[in-house]
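Visitor: model the structure of this input:
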Amino acid sequence: MKRLALVGIVIVVVGAAAAGLWAYRGRGDQGLVLSGAVEARDVEVGSLLGGRVAAVHVEEGTTVVAGQPLVTFETDLADAQVREQEAAVSQAAANLARVVKGARGEERARAKAEWQNAERERQRLDDLRKEGVVARQDYDDAATKAEVARKAYEELEHGSRPEDVAAARSAVDREEQRLRYVRRQREEAVVKAPASGIVQSLDLRPGDLVPANRPVASIIEPSQLWVRVYVPEPKLGLVRVGQGAAVTVDTFKGREFPGRVVEIRDRAEYTPRNIQTVDQRSEQVFGVKVAIDGAPQLKPGMAALVRLEP
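Guide: Numbers count the residues shown, from 1 in each chain. The predicted model follows:
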């Protein structure tokens, strides 16, 4: 009887151990299950210059695409600056063309005639000086005038100096850069969506004054969704970057949204108060970011369960 009782006890113990092992393996096959909340990337957009609002093109909750105008500021002052700078560029370009081309033919012909006339006068006074009719000072004045006229004519014949051409080119480059700058400022009068998404906040009306560098709207990108979960330190070895995951939310019962681990934080931290992990025995956890693949049905703030593939 004692032997039979002992055999029975052994059978019960072995059966319990087998059942426990089966349960453990079954739980391990399900992967690590963690909880978190759906988050989304949001973008704050604004203008580098600001100004007075002329028009608001969208409302909160509107779905927009990349490049779509959101807010337009008044452009009267910017347009005037653009026109003024365009005129400055045209003037600098005309001056460069004049310097490169040099003097006109009429100017060279006139300078040559003035030189020849001054040279004839010098020769005449030289003959009179030799005869003692005119003073030496009168001849010297005529000779100086003839030399100046000759230099002026040769200068026109040789054209502009390389230094003058380089300076004129630099002036054109400077004015063109200034034009690009004011045109870029003009573009800041229209605030556009940098990416496709949903307008989360936009509280402006025509006539409102907006300071420079101030966000005017916030856009959520539904295509950039993830869940931040916290893995207890003893289970960190079960997680790796690139690991597959399945995300479920209460709204869609029985439906799993595929995802993958894209980030594991390097430092441990204490469990945040608003996060509940499955295993509460460890206070040290590591933040893990699980990206969700193409799930526009999910909204930021939804409670979610993440099951990491074993």
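
Visitor: CA only for contacts and neighbour counts going forward, please
Guide: OK.

Visitor: need the contact list for A88.
Guide: Listed by CA atoms under 8 Å, 6 or more residues apart in numbering, the contact set of A88 reads E175.

Visitor: that one: which element?
Guide: Assigned by DSSP states H and E, A88 belongs to helix 76-101.

Visitor: quick one: average pLDDT of that helix?
Guide: When pLDDT is averaged along helix 76-101, the result is 92.

Visitor: report the buried residues of that helix.
Guide: If you call a residue buried by 16 or more other CA atoms under 10 Å, then helix 76-101 has these buried ones: 78, 81-82, 85-86, 88-89, 92-93, 95-96, 99-100.

Visitor: export the residues you listed as CSV, with columns for distance to R120.
Guide: Shown next, in CSV, are these (distance: CA to CA, whole Å):
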residue, distance to R120
A78, 60
Q81, 55
V82, 55
Q85, 50
E86, 50
A88, 45
V89, 46
A92, 41
A93, 41
N95, 36
L96, 37
V99, 32
V100, 33
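
Visitor: tell me which of those is nearest to A195?
Guide: Set against A195, the nearest of the buried residues of helix 76-101 by CA to CA is A78 (26.0 Å).

Visitor: count of neighbours near the residue nearest to that closest one when sequence neighbours are not counted?
Guide: Leaving aside its chain neighbours, A78 sits nearest to R186 (5.5 Å; criterion: CA to CA, 6 or more residues apart in numbering). Around R186 there are 20 other residues, counting by other CA atoms under 10 Å.

Visitor: so which bits of the host helix or strand of R186 are buried?
Guide: Following DSSP H and E, one finds R186 within helix 162-187. Neighbour-count burial for helix 162-187 flags 165, 168-169, 171-172, 175-176, 178-179, 182-183, 185-187 (criterion: 16+ other CA under 10 Å).

Visitor: if you compare the directions of that helix and helix 76-101, what angle comes out?
Guide: Counting by axes from the mean of the first three to the mean of the last three CA atoms, to 10 degrees, helix 162-187 points 160 degrees away from the direction of helix 76-101.

Visitor: and the helix or strand following helix 162-187, how far out from the chain's middle?
Guide: Using DSSP H and E, the helix or strand that follows helix 162-187 in sequence is strand 190-192. Distance, stretch centre to chain centre, for strand 190-192: 13 Å (CA atoms, centre = their mean, to the nearest Å).

Visitor: mind starting the numbering at 607 from now?
Guide: With the count now opening at 607, the last piece we talked about shows up as strand 796-798.

Visitor: in the very next helix or strand once past strand 796-798, which residues are buried?
Guide: Toward the C-terminus, strand 796-798 is succeeded by strand 803-807 as the next helix or strand (DSSP H and E). By 16+ other CA under 10 Å, the buried positions in strand 803-807 come out as 803-807.

Visitor: next: stretch 891-907.
Guide: In stretch 891-907, the ones that count as buried by 16+ other CA under 10 Å are 891-898, 904.

Visitor: which of the residues you listed lies closest to L842?
Guide: F892 (7.4 Å).

Visitor: thought R846 was touching the closest one, still the case?
Guide: No: judged on CA atoms under 8 Å, F892 makes no contact with R846 at a distance of 12.0 Å.

Visitor: which residues are in contact with each of those two?
Guide: Joint contacts of F892 and R846 (CA under 8 Å, 6+ apart) are I870.

Visitor: by pLDDT, rank the buried residues of helix 768-793 and give me the bottom one.
Guide: Per-residue pLDDT puts V771 lowest of those, at 82.

Visitor: who touches it in this structure?
Guide: Listed by CA under 8 Å, 6+ apart, the contact set of V771 reads 702, 705-706.

Visitor: next: A897.
Guide: 830-833, 865-868.

Visitor: so it belongs to a helix, correct?
Guide: No: counting by DSSP: H, G, I helix; E, B strand; the rest coil, one finds A897 to be strand, located in no helix.

Visitor: what about D809, how many residues close to it?
Guide: 10.

Visitor: show me how the record splits this structure into domains.
Guide: For the chain, automatic domain parsing gives the domain ranges 638-658+822-916, 684-792.

Visitor: let's have these in a markdown table, adding distance to T669.
Guide: Formatted as a markdown table, these follow (distance: least, CA to CA, whole Å):
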| stretch | distance to T669 |
| --- | --- |
| domain 638-658+822-916 | 9 |
| domain 684-792 | 26 |
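
Visitor: okay, the residue most central in space within the chain: pLDDT?
Guide: Closest residue to the average C-alpha location of the chain: P800 at 9.2 Å, with CA atoms, centre = their mean. With respect to pLDDT, P800 scores 92.

Visitor: pull out the buried positions in the longest strand along the chain.
Guide: The longest strand of the chain (DSSP state E) is strand 820-838. Buried residues in strand 820-838, defined by neighbour count with 16+ other CA under 10 Å: 821-838.
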